[in-house]
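[1] mind folding the following:
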Amino acid sequence: MSSRQGGKAKPLKAPKKADKVLDEDDLAFKEKQKKEAAELKALKDKAGQKGPMGGAGIKKSGKK
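    Numbers count the residues shown, from 1 in each chain. Next up is the predicted model:
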């Protein structure tokens, strides 16, 4: 009898990523992204409080 490996083979482990050295430009960019995301979230919350915008939907004519 031959030995057979049953099931799915385990994937090889990926090497660990090296830590990036962030300079001032990268830190400023990340801070800007965080600020924009916070503003966008605030706008979404504010827009969600009110009812539907427009609300026209499909208009039906009175004619038959």
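[2] contacts for stretch 13-32, please.
    With contacts defined as C-beta atoms under 8 Å, 6 or more residues apart in numbering, stretch 13-32 is touched by no residue outside it. All C-beta atoms are positioned from the backbone trio N, CA, C, and that covers glycine.
[3] tell me the mean pLDDT over it?
    For stretch 13-32, the mean per-residue pLDDT is 87.
[4] from start to finish, how long is that stretch in a straight line?
    Between the opening and closing residues of stretch 13-32 lies a distance of 35 Å (C-alpha to C-alpha, to the nearest Å).
[5] quick check, central residue of the chain?
    The central residue of the chain, meaning the one whose C-alpha is nearest the mean C-alpha position (C-alpha atoms, centre = their mean), is Ala37 at 10.8 Å.
[6] name the element that one belongs to?
    Assigned by DSSP states H and E, Ala37 belongs to helix 24-49.
[7] so how far is that helix off the chain centroid?
    Between the mean C-alpha location of helix 24-49 and the chain-wide mean there is a distance of 13 Å, by C-alpha atoms, centre = their mean, to the nearest Å.
[8] run a quick neighbour tally on Phe29.
    A count of nearby residues for Phe29, using other C-beta atoms under 10 Å, gives 11.
[9] what do you get for Ala14?
    For Ala14, the number of neighbouring residues by other C-beta under 10 Å comes to 6.
[10] can you check Asp23 too?
    Other residues near Asp23 come to 8 when the count uses other C-beta under 10 Å.
[11] then Ala42?
    Neighbours of Ala42 under the rule other C-beta under 10 Å: 10.
[12] could you report the distance from it to Lys35?
    If you measure Ala42 against Lys35 using C-beta to C-beta, to the nearest Å, the figure is 11 Å.
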